[in-house]
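**Student:** Any chance you could fold what I've pasted below:
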Amino acid sequence: WQNAQYDKQLDLAQKYMDDGNYEDAILAYDAAISIADNRQDAYEGKALASINSGDIATAKQMYQKLYDITGSDSYKQMESTAGLGNSSANYANGGIVTSYGDTVYVANMPSVGCISQIKDGDTRTVLDLSAETRKVGNLSTDGTNLYYYVSRSDNLFSGDGYKIGIYKVPVDGGEETLLQEIHRSIGVMNLLYMQGKLYMLISSEDYYTTILTIDPNTGETAQFAQNRFSQINSDGQYLYAVLNNSLDSEAVRMDSSGNITVLYSTQSASLRNLQFSGTRLYLAYAGNKGGGWDICSMNNDGSDVQMPDPGTMMYNSMNVDNKEIYMGGYYDSDNNPTNNPNKTSQVDIEAVDLNGQQVGDLIEFDLGDVLSDSSVSVGSFADLCLENDRLYYQITYSKSGSSTCYCWGSIKTDGTDNQIYSHT
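**Tutor:** Below is the predicted model:
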């Protein structure tokens with residue numbers, strides 16, 4: 001009886017959310033919580049409804065409650081960043097947001113090469129490398145230090161050309177410390193702090209991608225024996241990754257020593273884009289649908305595997321909130337999913353619910369028309385970030401006389417208010 005009543009209130013709340021009636025949605029979520037006060041989805045829904053109605057304090061209370069129930073650090077981060085969003089100017093700079101407790105840190109704000117700290121409503125710059133760096137890439141923290149990497153060519157590095165430096169700096173500012181330098185031909189991705197170590201994906205000179213760890217106190221490094229990783233993520237306790245072997249593609253969970261537990265494996269697809277929604281994982285995988293991608297979801301222990309079906313879109317980036325899955329990609333001139341061999345400039349952002357039911361196109365537009373340049377050819381969605389009720393995207397494209405260009409913009413999750421902030 002209680003489960004039926006609980007689900008009835010959730011369905012009612014969702015109807016109000018779809019109608020934009022956040023006040024009544026909150027009342028329905030409250031009714032569900034009164035029936036079962038230890039289930040996550042009602043708290044998640046009330047948090048989102050509170051954000052949409054401007055009640056950030058209540059949203060933070062809901063995320064704190066979710067943290068108390070689950071112990072997941074992802075809810076701590078949601079509590080810290082609720083209502084913050086990412087400014088258009090910062091996103092155009094390639095800004096990155098991370099948080100610890102009630103303090104938020106934003107890379108490349110107010111300008112490229114800076115890190116700003118936001119606490120108790122005050123903003124101040126804790127690091128300014130704007131005169132000597134391209135931009136801060138990735139940002140992570142343990143509450144004492146900030147960790148980041150930059151490409152530089154100053155006297156910190158020996159030899160010619162750019163190298164990538166992995167650094168730390170105190171969270172309140174001070175002298176930065178170089179932890180490790182890597183030649184620029186070895187790419188760095190997904191810098192994460194977990195349980196006393198930094199974890200990062202590095203693409204080696206033989207084009208295989210592995211995981212490098214750094215002890216931020218001693219600078220000591222170690223490298224995982226496995227390679228062919230394509231993405232890593234963390235819930236604060238475990239490291240999660242996609243591991244592509246010669247025979248199969250696996251979603252795996254690893255402890256701090258690198259011991260691997262396979263959560264999901266497939267021989268007929270290639271996994272990518274690992275994302276969290278609460279304690280549930282969502283992964284994209286290449287299916288057999290005319291070049292489109294499917295979506296697989298499971299609990300973070302590998303149980304309850306589900307196969308939502310988002311259609312045949314060829315998308316590059318995916319993100320998830322507690323309501324929908326968002327995908328960014330493109331179509332060819334005949335509206336078929338494609339890797340863009342025909343060099344079209346058509347861009348599309350779609351949404352499906354967490355069961356894979358089609359919500360619809362959030363927006364479909366021609367980037368060439370937006371930029372008033374008929375030579376534009378879209379390359380990929382390099383990023384699709386979710387901050388509160390907005391999706392921030394970065395699109396790579398080419399145009400006459402230039403091989404690789406970037407365009408930054410954002411759109412509300414209901415498909416309105418598409419804004420192009422900056423382009424090269």
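
**Student:** from what I can see residue 65 touches residue 40, true?
**Tutor:** No. Contact criterion C-beta atoms under 8 Å: residue 65 and residue 40 do not qualify, at 9.3 Å. Every residue, glycine included, has its C-beta placed from N, CA and C.

**Student:** And residue 3, its phi and psi?
**Tutor:** When quoted as degrees, to the nearest 10, the phi and psi of residue 3 stand at phi -60, psi -40.

**Student:** Could you tell me how many residues sit around it?
**Tutor:** 10 (other C-beta atoms under 10 Å).

**Student:** quick one, what contacts it?
**Tutor:** residue 36 (C-beta atoms under 8 Å, 6 or more residues apart in numbering).

**Student:** measure it to residue 39 for me?
**Tutor:** 10 Å (C-beta to C-beta, to the nearest Å).

**Student:** Name the residues contacting each of those two.
**Tutor:** Counting by C-beta under 8 Å, 6+ apart, nothing touches both residue 3 and residue 39.

**Student:** Low-confidence ranges, the stretch 251-400 of the chain, go.
**Tutor:** 268-269, 286-294, 308-316, 330-345, 356-359, 379-383, 387-388 (pLDDT under 70).

**Student:** would you list every one of the helices in this protein?
**Tutor:** 2-18, 22-35, 40-52, 56-70, 73-81, 88-92, 367-370 (DSSP state H).

**Student:** Excluding sequence neighbours, find me the nearest residue to residue 42.
**Tutor:** residue 32 (4.0 Å; C-beta to C-beta, 6 or more residues apart in numbering).

**Student:** My read is that the one you found contacts residue 4, right?
**Tutor:** No. Look at residue 32 against residue 4 with C-beta under 8 Å: they stay out of range, at 11.6 Å.

**Student:** which one of the two has more residues nearby?
**Tutor:** Just comparing residue 32 and residue 4: by other C-beta under 10 Å the higher neighbour count belongs to residue 32, 24 against 8.

**Student:** who's in contact with the more buried one?
**Tutor:** 6, 9-10, 13, 39, 42.

**Student:** separation between it and residue 11?
**Tutor:** 10 Å.

**Student:** number of nearby residues for residue 280?
**Tutor:** For residue 280, using other C-beta under 10 Å, the count is 17.

**Student:** Next: residue 131.
**Tutor:** Quick note: residue 131 (other C-beta under 10 Å) scores 7 neighbours.

**Student:** Name the nearest residue to it, ignoring sequence neighbours.
**Tutor:** Here the residue nearest residue 131, using C-beta to C-beta, 6+ apart, is residue 113, at 7.4 Å.

**Student:** What of residue 38?
**Tutor:** residue 69 (6.2 Å).

**Student:** so the one you found touches residue 42, yeah?
**Tutor:** No. Assessed by C-beta under 8 Å, residue 69 is found out of contact with residue 42, at 11.0 Å.

**Student:** between those two, which one's more packed in?
**Tutor:** residue 42 (24 against 16).

**Student:** what sits against that one?
**Tutor:** 6, 9-10, 13, 29, 32-33, 36.

**Student:** From residue 68, how far off is the residue nearest to residue 98 when sequence neighbours are not counted?
**Tutor:** Spatial nearest neighbour of residue 98, excluding adjacent residues (C-beta to C-beta, 6+ apart): residue 139 at 4.8 Å. Taking C-beta to C-beta as the criterion, residue 139 is separated from residue 68 by 27 Å.

**Student:** quick one: which of those two has more around it?
**Tutor:** Neighbour count, other C-beta under 10 Å: between residue 139 and residue 68, residue 139 has more, with 21 against 11.

**Student:** Contact partners for the more buried one?
**Tutor:** By C-beta under 8 Å, 6+ apart, the contact list for residue 139 reads 96-98, 105, 107, 115, 146-148, 191.

**Student:** what's the closest of those to residue 395?
**Tutor:** Set against residue 395, the nearest of the contacts of residue 139 by C-beta to C-beta is residue 96 (17.5 Å).

**Student:** shouldn't that closest one be in contact with residue 136?
**Tutor:** Yes. Under the criterion of C-beta under 8 Å, residue 96 makes contact with residue 136 at 7.1 Å.

**Student:** So for these two, which sits in the more crowded spot?
**Tutor:** Applying other C-beta under 10 Å to residue 96 and residue 136 shows that residue 136 carries more neighbours, namely 27 against 24.

**Student:** you'd agree that one is up against residue 108?
**Tutor:** Yes. Counting by C-beta under 8 Å, residue 136 touches residue 108, with 5.6 Å between them.

**Student:** Now for these two: what residues contact both?
**Tutor:** With C-beta under 8 Å, 6+ apart, residue 136 and residue 108 have common neighbours 96, 114-115.

**Student:** Format those residues as TSV; extra columns: distance to residue 273.
**Tutor:** Shown next, in TSV, are those (distance: C-beta to C-beta, whole Å):
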residue	distance to residue 273
96	18
114	29
115	27
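
**Student:** possible to save these as JSON lines with pLDDT and distance to residue 326?
**Tutor:** Output for the shared contacts of residue 136 and residue 108, formatted as JSON lines (pLDDT from 0 to 100; distance: C-beta to C-beta, whole Å):
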{"residue": "96", "pLDDT": "71", "distance to residue 326": "18"}
{"residue": "114", "pLDDT": "86", "distance to residue 326": "29"}
{"residue": "115", "pLDDT": "89", "distance to residue 326": "27"}
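
**Student:** if we take these, which one ends up nearest to residue 258?
**Tutor:** Looking across the shared contacts of residue 136 and residue 108 and measuring by C-beta to C-beta, the closest to residue 258 is residue 96, at 25.8 Å.

**Student:** Let me see the contact set for that closest one.
**Tutor:** Neighbours of residue 96 in contact, by C-beta under 8 Å, 6+ apart: 106-108, 136-139.

**Student:** In strands only, show me those residues.
**Tutor:** Among those, the members found in strands (DSSP state E) are 106-107, 137-139.

**Student:** what two of those have the greatest distance between them?
**Tutor:** Going by C-beta to C-beta, the pair spanning those furthest: 106 and 137, at 13.7 Å.
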